[in-house]
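Peer 1: Dropping the sequence and predicted coords here.
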Amino acid sequence: MQLFTSSIGRKILMAITGLGMVMFVIVHLLGNSSIFAGPGGLNTYAEHLHSMPLPIIAGFRIAMLVFICVHIWFGIQLTIENRGGRPQQYAVKACQKASFASENMIWTGALLLLFIVYHLLQFTFRVTPEVAGFAGQMPGNVFGMVVTSFKNFFITFIYAGAMVTLFLHLTHGIQSFFQTMGWSNDCVQPGITKTGTLVALILFLGYVAIPLTIFAGILKG
């Protein structure tokens, strides 16, 4: 299919899968923010997720895995093509000065992939040392597990750094979505860029607030 073989087609697939992951990041933050309601808030949220039917949970995880794999695979292909001297244009051409975020999308994406693996090992599979005491609880005291983890400076540093990486990736990724879909032009592009940066900033602040408030002792178990 041309959607998979043409550069524009692959960019469209990357845009769609990227949008799906951004939506997940937003919903995930809303759920995680229940931690500010105390143990009852986050633990109730975790119990609600855990009580959902297995086919729904499995289907969602498979869909997210497919999104990630498609996004990574075509991202690597397009990066190789562009660096090989065959850059392809977006659906709407926009002459812009390359930013640090746009030039390093492949690297910020790679770092985010490593972080996702670590995050799953820590809070989903619970195999990292700091959460070993919570391994047999499903879902158990999720609030206590999170607070215990973020009292560790090294873990807090990893999460804060990952959120900076997410911010950089989204600042370019969001505005690229509109370019790829042909919903951008020279008039609206500055507004789209600013909006994308604002959305990325809000997500960054929302996510980084959790580990930092715990490490600072503001949010306690």
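Peer 2: Ah, there it is. Please read these numbers as outputs of a predicted model, since none were measured by experiment.

Peer 1: Going by C-alpha atoms from here, please, whenever you check contacts or count neighbours.
Peer 2: Will do.

Peer 1: Select the longest helix from this protein.
Peer 2: Determined from DSSP state H, the single longest helix within the chain is helix 54-83.

Peer 1: Tell me which other helices or strands the helix or strand just after that one touches.
Peer 2: Next along the chain after helix 54-83, taking DSSP states H and E as the criterion, comes helix 100-103. On a contact count with 3 or more Cα pairs under 8 Å, 6 or more residues apart in numbering; DSSP states H and E, helix 100-103 meets helix 153-180.

Peer 1: Tell me how far the helix it packs on lies from the chain's centre.
Peer 2: 7 Å (Cα atoms, centre = their mean, to the nearest Å).

Peer 1: Pull the residues that contact the helix or strand of the chain with the lowest mean pLDDT.
Peer 2: The helix or strand of the chain with the lowest confidence, counting by mean pLDDT, DSSP states H and E, is helix 2-5 at a mean of 72. The contact list for helix 2-5 (Cα atoms under 8 Å, 6 or more residues apart in numbering) reads Gly9, Arg10, Ile12, Leu13.

Peer 1: Now do the longest helix of the chain: which elements does it pack against?
Peer 2: Using 3+ Cα pairs under 8 Å, 6+ apart, helix 54-83 sits against helix 7-32, helix 105-119.

Peer 1: Compute the inter-axis angle for the last one and helix 54-83.
Peer 2: The one in question is helix 105-119. Relative orientation of helix 105-119 versus helix 54-83 (axes from the mean of the first three to the mean of the last three Cα atoms, to 10 degrees): 150 degrees.

Peer 1: immediately after helix 105-119, which helix or strand?
Peer 2: helix 142-150.

Peer 1: I would like the residues contacting that next one, please.
Peer 2: 35, 38-39, 42-43, 46, 123, 130-131, 134, 155-156, 211-212, 214-215, 220-221.

Peer 1: pretty sure Thr156 is in contact with Ile210, am I right?
Peer 2: No: contact criterion Cα atoms under 8 Å: Thr156 and Ile210 do not qualify, at 9.3 Å.

Peer 1: Counting neighbours, go ahead and name the busier of the two.
Peer 2: Ranked by neighbour count (other Cα atoms under 10 Å), Thr156 and Ile210 place Ile210 first, with 23 against 19.

Peer 1: what about the chain, any weak spots by pLDDT?
Peer 2: For the chain, residues meeting the criterion pLDDT under 70 lie at 1-2, 85-97.

Peer 1: hang on, the earlier thing: take the helices and strands packed on helix 54-83 and write them to CSV, including distance to Ile72 and mean neighbour count.
Peer 2: Output for the helices and strands packed on helix 54-83, formatted as CSV (distance: least, Cα to Cα, whole Å; neighbours: other Cα atoms under 10 Å):
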stretch, distance to Ile72, mean neighbour count
helix 7-32, 8, 18
helix 105-119, 8, 16
